[in-house]
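A.B. asks: quick check, what structure comes out for this input:
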Amino acid sequence: MANYLIEVLQRPLNPTILVVGDIILDRYHWGNVDRISPEAPIPLLRVDRREQRLGGAGSVVSMLAALDVHVRVATVLGNDEASVRVHELLQDLGVEESVVLTDDDRPTTVKERFLGRAQSRHPQQMIRIDHEYDGPLRESLCSQLIEQVTARLEGVDVILVSDYNKGVCAGDTIPAIVAAAAQYDIPVIADPIRGGDYHRYKGCACITPNRLEASLALGRAIETPQEGIEAAEALLDFRVHSAIVTLDRDGMAWARRDGSHGISPIKPREVYDITGAGDMVLSIIGYGVAAGLEDGQIVELANLAGGLEVERLGVVPLTREELLEELRGSEPKRHRKAITCDALLDELRKRRQTGQRIVMTNGCFDLIHPGHVASLQEARELGDCLVVGLNSDVSVQKLKGPGRPVINEQGRTAMLTALECVDYVVLFDEVSVEPLVRRILPDVLAKAAQYAPNQVVGYQIVEANGGEVVCTKMHDEYSTTSIIEKINQPASQLATDNSN
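C.D. replies: This next block holds a predicted model:
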């Protein structure tokens, strides 16, 4: 099935999907925690970066946009600064704001997350602060939303309902939209709220609750994959055409009104943050329905995407190419470490979205020895990702003269990528590493040196960008030059030296 999914993702498919639901503005505050506050026994967060993203139904919108889908959105925002930022983010994504209404009496929902790094590594969420009003829309505004949505269904392939229980999907909204969509033969897929009456989703092509949500809706525990299938079948009693229950570690269970059902196991993952996993599943299911995939294929693709999402911190959209890479999955990891600068910048962008701290070092690394390895391991401990800028053969010859390098750039790259502490290796032809530093803009520039940080090439660029320069320990007992000299010594001299 993987080969077929690869073929589908490679198609020039650009469906139109309407997202209806509660858009949230997610604010992230990143920083280091290195001491306890003198005012109270609490961690002191020193913020060094802030970011704003679309959350709730907005994260579904972002994920669809990353899949090259033409996205329309229907929602209600407040008349405030947060709504201005939401509009800007939607415009940046090229999203069609089909029905975005304003309610002067309610704020735009904002969730602020404060994330701290211990010893400059591994950001963890410390606290979340919500600004919201989750009451239903007033009747006149609800009617206006329904009227405008039903008038703009021409050309829509799929409707996704992202119900975060903040009021937009309350009352008659969902039943009215499902009824209008039926006239155009448009499938409606809903990610339902936790608890509440699921009869409101009657007529939906599919609902996608997680284990807890399905348990609350059915009043039963769901412990095993088989119980997940039974729960999916029971959800059909709410008069939906199909149900998919996400079962975290147990994968996904699904059932249809025609009696078909199944379970899709999940690949073991290192779970970093479950935020956004449900939104990713909903997005992929919508994409799969638009692509004409069968239920089993849709669930396999959604399972894959949801698993990738939990490995990231916060809501981070996945592109088709990332899904294709995971489906192919046969290329050894060390081969993916050697990378061009343009590809590296794209990879670092994704890592920074998850709050990772980027470390960079550089050198010729000719005849890699224990000193090199120790310095690289020390550099890796300074952050979450280590990039090695490697002088190309042309560059090494300019620096070291004729006869160098001893090992060509392909061989040196192969040795570096084999090291677990190295995440990426990028070649550069310049004598100075400064142009590469300017492009990468690492959070930490590490260099094995006995001199001061302000003597490291590129330090001004890094510090001006808010980063730091760290000089790691020099291992003077090893050097490439001395190793070469020792190799060139006569055997008799080597024996004498070794005996001393």
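A.B. asks: surely Gly58 forms part of a helix?
C.D. replies: Yes. Checked against DSSP: H, G, I helix; E, B strand; the rest coil, Gly58 lies within a helix.
A.B. asks: need the contact list for it.
C.D. replies: Going by C-beta atoms under 8 Å, 6 or more residues apart in numbering, Gly58 touches 23-25, 86, 89-90. C-beta: built from backbone N, CA, C; applies to glycine.
A.B. asks: same thing but 6 Å
C.D. replies: The contact partners of Gly58, by C-beta atoms under 6 Å, 6 or more residues apart in numbering, come to Ile23.
A.B. asks: tell me how far it lies from Ile368.
C.D. replies: Remark: distance between Gly58 and Ile368 (C-beta to C-beta, to the nearest Å) = 47 Å.
A.B. asks: could you do Arg138 as well?
C.D. replies: To Ile368, Arg138 is 69 Å away according to C-beta to C-beta.
A.B. asks: those two - which one has more neighbours?
C.D. replies: Neighbours per residue (other C-beta atoms under 10 Å) separate Arg138 from Ile368, with Ile368 holding more: 19 against 14.
A.B. asks: in three-state terms, label the more buried one for me.
C.D. replies: coil.
A.B. asks: ok, it touching Met415?
C.D. replies: Yes. In this structure Ile368 lies within contact range of Met415 using C-beta atoms under 6 Å: 5.0 Å.
A.B. asks: so Leu441 touches Asn465, yeah?
C.D. replies: Yes. Using C-beta under 6 Å, Leu441 is in contact with Asn465, at 5.0 Å.
A.B. asks: of those two, who's got more company?
C.D. replies: Comparing Leu441 with Asn465 by other C-beta under 10 Å, the one with more neighbours is Leu441, at 19 against 12.
A.B. asks: show me the contacts for that one.
C.D. replies: Contacts of Leu441 by C-beta under 6 Å, 6+ apart are Asn465.
A.B. asks: tell me how far Cys421 lies from Arg220.
C.D. replies: In terms of C-beta to C-beta, Cys421 sits 48 Å off from Arg220.
A.B. asks: likewise for Leu323?
C.D. replies: Taking C-beta to C-beta, one finds Leu323 at 34 Å from Arg220.
A.B. asks: then Val437?
C.D. replies: 58 Å.
A.B. asks: mind listing what's buried along stretch 405-421?
C.D. replies: Within stretch 405-421, the residues that qualify as buried are 405-407, 409, 412-417, 419, counting by 16 or more other C-beta atoms under 10 Å.
A.B. asks: nearest to Asp157, of those residues?
C.D. replies: Nearest to Asp157 out of the buried residues of stretch 405-421 is Thr417 (C-beta to C-beta; 42.6 Å).
A.B. asks: verify the contact between that closest one and Lys337 for me.
C.D. replies: Yes. Contact status for Thr417 versus Lys337: in contact at 4.0 Å, counting by C-beta under 6 Å.
A.B. asks: overlap of the contact sets of those two?
C.D. replies: Val425.
A.B. asks: contacting residues around Asp26?
C.D. replies: Residues near Asp26 by C-beta under 6 Å, 6+ apart: 53, 55, 111.
A.B. asks: show the pLDDT at it.
C.D. replies: Looking at Asp26, its pLDDT is 94.
A.B. asks: that one falls within a strand, correct?
C.D. replies: Yes. In this structure, Asp26 lies within a strand as judged by three-state DSSP.
A.B. asks: and it, what are its bridge partners?
C.D. replies: With DSSP bridges as the criterion, Asp26 is bridged to Arg53, Lys111.
A.B. asks: repeat that for Val99.
C.D. replies: Those that pair with Val99 in a beta bridge, by DSSP bridges, are Ala74.
A.B. asks: could you chop the protein up by domain?
C.D. replies: 2-186+266-328, 333-487 (automatic domain parsing).
A.B. asks: those domains: which one's closest to His241?
C.D. replies: It is, among the domains of the chain and with distance given as C-beta to C-beta, domain 2-186+266-328, at 10.2 Å.
A.B. asks: tell me the SS of Val245?
C.D. replies: Val245 ends up strand, using three-state DSSP.
A.B. asks: one more: Leu137?
C.D. replies: With three-state DSSP as the basis, Leu137 sits in coil.
A.B. asks: neighbour count for Val437 and Arg220, which is higher?
C.D. replies: Remark: of Val437 and Arg220, Val437 carries more neighbours, 24 against 13, as counted by other C-beta under 10 Å.
A.B. asks: the more buried one and Ile461 touch, don't they?
C.D. replies: Yes. Between Val437 and Ile461 a contact is recorded at 5.3 Å, counting by C-beta under 6 Å.
A.B. asks: out of the contacts of Asp26, which is nearest to Asp393?
C.D. replies: Here the nearest of these to Asp393, counting by C-beta to C-beta, is Arg53; it sits at 42.5 Å.
A.B. asks: pLDDT score assigned to that closest one?
C.D. replies: pLDDT, Arg53: 91.
A.B. asks: what number of residues lie near it?
C.D. replies: Neighbours around Arg53, by other C-beta under 10 Å: 20.
A.B. asks: what do you get for Asp443?
C.D. replies: Neighbour count of Asp443, defined by other C-beta under 10 Å: 23.
A.B. asks: with Val387 as the reference, measure out to it.
C.D. replies: 11 Å.
A.B. asks: Met360 belongs to a strand?
C.D. replies: Yes. According to three-state DSSP, Met360 belongs to a strand.
A.B. asks: the closest residue to it other than its chain neighbours and Val388: what is the separation?
C.D. replies: Sequence neighbours aside, Pro442 is the residue nearest to Met360 in space, at 3.7 Å (criterion: C-beta to C-beta, 6 or more residues apart in numbering). As judged by C-beta to C-beta, Pro442 and Val388 stand 11 Å apart.
A.B. asks: check Val76 too.
C.D. replies: Remark: distance between Val76 and Val388 (C-beta to C-beta) = 49 Å.
A.B. asks: identify the residues contacting Pro136.
C.D. replies: Pro136 neighbours (C-beta under 6 Å, 6+ apart): 167, 170-171.
A.B. asks: and for Cys206?
C.D. replies: Contacts for Cys206 (C-beta under 6 Å, 6+ apart) come out as 189, 242.
A.B. asks: make it 10 Å
C.D. replies: Contacts for Cys206 (C-beta atoms under 10 Å, 6 or more residues apart in numbering) come out as 187-191, 235, 240-244, 254, 256, 282, 285-286, 289, 295, 298.
A.B. asks: for it, phi and psi?
C.D. replies: phi -160, psi 150 (degrees, to the nearest 10).
A.B. asks: do the same with Lys350
C.D. replies: With angles defined as degrees, to the nearest 10, Lys350 sits at phi -60, psi -40.
A.B. asks: just the pLDDT at it, thanks.
C.D. replies: 77.
A.B. asks: got it, and Ala231?
C.D. replies: Ala231 carries a pLDDT value of 95.
A.B. asks: mind checking the SS state of it?
C.D. replies: Assigned by three-state DSSP, the conformation of Ala231 is helix.
A.B. asks: what's the separation between it and Ile222?
C.D. replies: In terms of C-beta to C-beta, Ala231 sits 5 Å off from Ile222.
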